[in-house]
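1. my questions concern the predicted model and sequence given below.
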Amino acid sequence: MHALARVQEWYGPHSSTAAEWPVDALMMAKGNRTISVILPARDEESTVGDIVSVIRRDLVERTPLVDEILVVDSNSTDATAERAREAGARVVAQNQVLPHLPPLTGKGEALWKGVAASGGDIVVFIDADLRSFGAHYVSGLVGPLLVDSDIHFVKATYERPYIGADGSTQQGGGGRVTELVARPLLNMFWPELAGFAQPLGGEYAARREILEQLPFATEYGVEFGLLVDLLQLVGLDAMAQVDLGHRTHTHQSMTALGRMAGQIMHTAWSRLERQGRVLASEPPAHTLLQFGLEGQAGLVDVAVAERPPLASLVLQEDLA
């Protein structure tokens, strides 16, 4: 089947909106399964407390859909940990999870450590810098997982406006790295995944037994790597997406986006090599020369380390 036809066949049955998953109905479907919400956070004192408060009020106290709210403090220098704790989350320091392992950096490291430190049968990831968060982000993402046993992973989609420094809003202007890097790469090499509207979005949910079988790229390539690896592990029909409405968050500088793009390219390259689709006489360079507004040049490292599947660590410990 042509890739576009495959995406069209998948899209309708595997796409829904958050409104289609009311909390009361999900409570009936939940049974004895547990749900953990994980927020990776680095210097997000202005937003993390509000997000945790909404989850606790609406999905723990008002309706007990969520069993655990875990904030992974990724070496913050502000009051992120305190704000999260005050709002009712359990907070763990990134480097204190599996401390016998050499510490790594990056968002993917925080996510991987979050899976290791949490206990839910279903794991929901929510970025800690959201300024448009509602409880439907969580309920919408877990809906397909609670109702359909054939679904193992759910990704969020939403409208992502770009909000300028002057407060002006450009509809559809967010997600610049998605449009310039991730979407072209997916369409070129993994066209089955082209139907995911927000492949780099930080809101998604999955069954624990699946997450523990996946490696995690430790930097900003983590979402890209997970999508590609999930396609190989469970197949497209076990993946779904839910429209959460709109998403506003803190925008990064163009320099930071350039580093992110480099990390995503390295993550894509590693998957192509692993799948035997490229053969290179030498690895790609992992340095990126960037130029500032006044012409100053700076060299940054965009190499991407990787954590192994958590299940492999457990197996190694058992064998030992």
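-> Done, it's in.

2. please count neighbours and contacts with C-alpha atoms only from this point.
-> OK.

3. helices of the protein, residue ranges please.
-> Assigned by DSSP state H, the chain shows helices spanning 3-11, 23-30, 48-56, 80-87, 107-117, 136-147, 176-177, 183-189, 208-211, 222-233, 254-274, 310-319.

4. what is the mean pLDDT for the third one?
-> Averaged across helix 48-56, pLDDT comes to 98.

5. tell me which residues in that helix are buried?
-> 48, 49, 50, 51, 52, 53, 55, 56 (16 or more other Cα atoms under 10 Å).

6. please save the CA atoms from that helix in CSV.
-> C-alpha atoms of helix 48-56 as CSV (Å, rounded to 0.1, in the frame of the first residue of the first chain):
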residue,chain,number,x,y,z
VAL,A,48,4.9,24.0,37.0
GLY,A,49,2.9,24.7,40.2
ASP,A,50,-0.3,25.7,38.2
ILE,A,51,-0.1,22.5,36.1
VAL,A,52,0.3,20.3,39.1
SER,A,53,-2.5,22.1,40.9
VAL,A,54,-5.0,21.5,38.1
ILE,A,55,-4.1,17.8,37.9
ARG,A,56,-4.4,17.3,41.6
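
7. which helices and strands does it pack with?
-> Here helix 48-56 touches strand 68-73, helix 80-87, going by 3 or more Cα pairs under 8 Å, 6 or more residues apart in numbering; DSSP states H and E.

8. that helix versus strand 68-73: what angle between them?
-> With axes from the mean of the first three to the mean of the last three Cα atoms, to 10 degrees defining the directions, helix 48-56 sits at 170 degrees from strand 68-73.

9. going forward, count from 41.
-> Got it, first residue is 41 now, which makes that one helix 88-96.

10. roughly how far out does helix 88-96 sit from the chain middle?
-> What separates the centre of helix 88-96 from the centre of its chain is 18 Å, taken as Cα atoms, centre = their mean, to the nearest Å.

11. contact partners of that helix?
-> 81, 106, 109, 120, 123-129, 168-170, 173-175 (Cα atoms under 8 Å, 6 or more residues apart in numbering).

12. of the buried residues of helix 88-96, closest to residue 257?
-> residue 88 (23.5 Å; Cα to Cα).

13. give me the distance between the closest one and residue 113.
-> 11 Å (Cα to Cα, to the nearest Å).
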